[in-house]
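J.: just the structure for this:
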Amino acid sequence: MLKTHHCGELRARHVGQAVTLAGWVNRQRDHGGLIFVDLRDRWGIVQIVADIAHAPEAHELAARVRQEYVLQVRGTVRPRPADRVNPRMETGEIEVLADEIVVLNPARTPPFPIFEDTPVEESLRLRYRYLDLRRRRMQRNLILRHRVIKYIRDFLDARGFLEIETPILFKSTPEGARDYLVPSRLHPGKFYALPQSPQQLKQLLMVAGFERYFQIARCFRDEDLRGDRQPEFTQLDLEMSFVTREDIMELIEELMIGIVEECSDCRLLTKPFPRLTCAEAMARYGTDKPDLRFGMELVDISDLVAGSNYGIFAQAVAAGGQVKGLRAPGCAGYSRRQLDELTSLTQKEGAMGLSWLALSPDGEIRSSFARFLTDEQVQAIIARMEAQPGDLMLFVADRPPRVAAALSALRLELGERLGLRDPGTMAFCWIIDFPLFEWNENERRWDPSHHLFTAPMPEDLPLLDTDPGAARGQQYDLVCNGEEIAGGSIRIHRREVQEKIFGLIGLDVEQARERFGHMLEAFEYGTPPHGGIASGIDRVVMLLAGEESIREVMAFPKTGQAVDLMANAPSPVDPEQLAELHIRVVAS
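T.: Modelled structure (predicted):
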C-alpha cells in the first residue's frame, strides 16, 4: 500500500506516530517558512505542514503543488497549537509534519472548484463527472447509496430471501415504456430487449419454487426524462410466494423504517405508515402520491355554490364538474402579483383560472367572487374551509381531473413557499385499492393501471365479465414526500384469469401466446399464489440525501436528453459494426 492511514481517520490518539498518507491537494497556503497543504481522500482531510527548517526538500516541493495534485506524504502526527485547533474539521486537533513529499501525479487546474460546494452548472459537472465525484457532496451521496443497498441485502438475507440475477438480454414484451432493443448478430433481423423490469422472470422464479427472491436490478426504459427518471436505473426487485398483500406491505414498511433510522439522519414523521385508498388520496390531495409532510387538504364546496350567481362556480357544477379549494394559512396578504403567479400555475395544469377569498387578520373579507354570493354562502364557505383570520382560500372549478391536477400543483407550491416541505423529514404512506383498469378512449379498450399481471381483488373477479372499470387491483404503492418510491401487487397465478385480462386489454390469443406464451405455459405447472414489489433505489437515496434529482445520487447519469456528456454517448458506430448486425441507418 502507498499509505498506512486514511487522511480522515487521524486523531489525537495518533500523535507521535509515523504515517504515510496519499491523496489529493485540497488547497495550499504558503506562509513563507511554513507551507500548509490540506490533503484529501475519501475519508476526509488532514493538514500537512512543510517546515523549511525540518525538511527543506519537502518544503520546496510543497511550494510547487497546486489543487488536485496527487501526493504521497511521509511524516509524523503532532498536536496543533491550542490556538490553531480547527473544530470544524474532524482531524482539527492534529496535523502531520512532513518528512517527505512525493508528487504521484500533477493536475491541470480543474474547470470548477473541488473543495468548495459552490453551485456549478450541471452540464459542466456532467462533462467532468470524474471531478464532480471528488466533491464531498457527491461522495456523501454515493456513500449513502452504498449503505442503503448493503442494509437492504442484510435485511432480506436475514429473512430468508435469495439474491438471484436475471438476464439483461431478454424478449421484447412492452410493459408501458419503449424497450431498448439490442440486435442479434447470430440471428439477423431479430432483437433482444433490455429489461424494463424483471417482472416476468421473478414470477417464473416463484413457479420454480424459490419462494423468496430479491435482486438489486438494473432496469432500462426509453421514456421522456425528468428529475426522477433516467434511461437506466436501479431498483430493489422482490417477490414472495404464499403471501397476502399485508405480508408484503409489512415487510417493506419494516425495511424502509430501518433504512431511514439506520442509514440516514432523517426523521420519520409517522410509523406505522398511514394507508389511503386511491380515491381518498385523490379527494384529499388531488394526487395518488401525496406529500404528507403538511396538511392543506382539498375541500369540496360544490354543494355550497351550486346555482349561485357566480357563473364560474355554478356552470362547473351544472356541467357535472366540481368546485374545490384549499386554505393557505397566513397568506391573506398576498399581492395581486403573487395571486397572478398562482393563477398561472393552475392554468399550466389545465384549469381555466383561480378564484380566491382572503380573510384578513382583522376579519375583513377580500375576494374575487364574494360579491356574487350571499353573506350566508360566503360564511358557509369560510366555515367549510375552517379558515382563520389571516388565511387565504383558493378555489378551482372544472372537471374533477383538472381540479385535482391544478390544486395538487398549487398545494405543493404553497407548501414550498411556506417552508412546510422539510427535506429532513420522511413522510411515508401506502396507497391501496387502485382501479384495476383505465379506459383508453383512443384505442377503445382497457389498459392495466399497474401492469397486466396484477390480480384483481378476489371479490371483484365477477366484475371482469360485467363491469371491468369497477374492478380493483390487489396493488399497492409506497409514497414518500410526494414521490412514488415503490409499487407492487399480488400477481395472477391462474392461466384462465391471465387470459381474461389479456382479452380485456386487447390482446388476442395469438398475440398473447407470442408475447407471453412462456408465462401462460408456466401457469399450468403448479404456480403458487405470489406477489411482490419494486422500489426505486435511486429515488429513495435522493430523498434521504435531500436532493431534487436522482442524477445527484448516480455515479454516471445521463442528461435530461439522455446524453452522456462525459463519454459523448450515444454516438455513431463504424459501418462495419452495423453490417455485422445486418442494420442500415435510414435518414429520417
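
J.: residue 510 belongs to a helix?
T.: Yes. Counting by DSSP: H, G, I helix; E, B strand; the rest coil, residue 510 is found in a helix.

J.: can you get me a residue count around it?
T.: 9 (other CB atoms under 10 Å). Bear in mind the C-beta positions are built from the backbone N, C-alpha and C, glycine included.

J.: number the chain from 31, please
T.: Sure thing, new numbering starts at 31, so read that last one as residue 540.

J.: from residue 598, how far out is it?
T.: As judged by CB to CB, to the nearest Å, residue 540 and residue 598 stand 43 Å apart.

J.: who touches the closest residue to residue 441 other than its chain neighbours in this structure?
T.: Using CB to CB, 6 or more residues apart in numbering and skipping the chain neighbours, the partner closest in space to residue 441 is residue 326 (5.3 Å). Residue 326 makes contact with 356-359, 441, 444-445, 450, according to CB atoms under 8 Å, 6 or more residues apart in numbering.

J.: between the residues you listed, which is closest to residue 79?
T.: Each of those was checked against residue 79 using CB to CB; the closest is residue 450, at 48.3 Å.

J.: number of residues surrounding that closest one?
T.: Neighbour tally, residue 450, other CB under 10 Å: 17.

J.: contacting residues around it?
T.: Contacts of residue 450 by CB under 8 Å, 6+ apart are 323-324, 326, 444.

J.: which residues of the protein score low on pLDDT?
T.: 204-206, 257 (pLDDT under 70).

J.: so what strands line up beside the lengthiest strand in it?
T.: Identified as the longest strand of the chain according to DSSP state E is strand 48-61. According to DSSP bridges, strand 48-61 forms sheet pairs with strand 64-71 (antiparallel), strand 100-109 (antiparallel).

J.: residues making contact with the first one?
T.: By CB under 8 Å, 6+ apart, the list of residues contacting strand 64-71 from outside reads 33, 36-38, 51-59, 75-82, 89, 92-93, 95, 101, 103, 126, 145.

J.: and the gap between residue 465 and residue 529?
T.: 21 Å.

J.: can you check residue 220 too?
T.: 26 Å.

J.: which of the two has more residues huddled nearby?
T.: Set residue 220 next to residue 529 and count neighbours by other CB under 10 Å: residue 529 wins out with 18 against 10.

J.: wait, doesn't the more buried one sit right on residue 547?
T.: No. Using CB atoms under 8 Å, residue 529 makes no contact with residue 547, being 11.4 Å away.

J.: in helices only, show me the contacts of residue 326.
T.: 441, 444-445 (DSSP state H).

J.: just the buried ones from the contacts of strand 64-71, in PyMOL syntax?
T.: Remark: buried members of those, expressed as a PyMOL selection using 16 or more other CB atoms under 10 Å:
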select buried, resi 36+37+38+51+52+53+54+55+56+57+58+75+76+77+78+79+80+82+89+92+95+101+103+126+145
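
J.: quick revisit: got a markdown table for the ones in helices among the contacts of residue 326, with distance to residue 132 and neighbour count too?
T.: Shown next, in a markdown table, are those (distance: CB to CB, whole Å; neighbours: other CB atoms under 10 Å):
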| residue | distance to residue 132 | neighbour count |
| --- | --- | --- |
| 441 | 59 | 25 |
| 444 | 58 | 22 |
| 445 | 54 | 19 |
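
J.: could you check the angle strand 64-71 makes with the longest helix seen in the chain?
T.: Assignment by DSSP H gives helix 166-187 as the longest helix of the chain. Using axes from the mean of the first three to the mean of the last three CA atoms, to 10 degrees, the direction of helix 166-187 lies 30 degrees away from that of strand 64-71.

J.: what is the helix or strand following helix 166-187 packed up against?
T.: Downstream of helix 166-187, the first helix or strand assigned by DSSP states H and E is strand 192-193. On a contact count with 3 or more CB pairs under 8 Å, 6 or more residues apart in numbering; DSSP states H and E, strand 192-193 meets helix 166-187, strand 242-250.

J.: would you mind finding the most buried of the ones you listed?
T.: Neighbour counts (mean count of other CB atoms under 10 Å) averaged over each of these peak at strand 242-250, with a mean of 20.

J.: can you pull the contacts of the closest residue to residue 250 other than its chain neighbours?
T.: Spatial nearest neighbour of residue 250, chain neighbours left out: residue 224 (3.8 Å); criterion: CB to CB, 6+ apart. Neighbouring residues of residue 224 by CB under 8 Å, 6+ apart: 198-200, 209-212, 250.

J.: what's near enough to touch residue 241?
T.: 270-272, 558.

J.: quick one: residues contacting residue 253.
T.: Contacts of residue 253 (CB under 8 Å, 6+ apart): 207-208, 259.

J.: cutoff 10 Å now
T.: Residue 253 makes contact with 206-208, 226, 259-261, 592, according to CB atoms under 10 Å, 6 or more residues apart in numbering.

J.: and for residue 264?
T.: Counting by CB under 10 Å, 6+ apart, the residues that residue 264 touches are 175, 179, 246-249, 565-569, 571, 580, 583-584.
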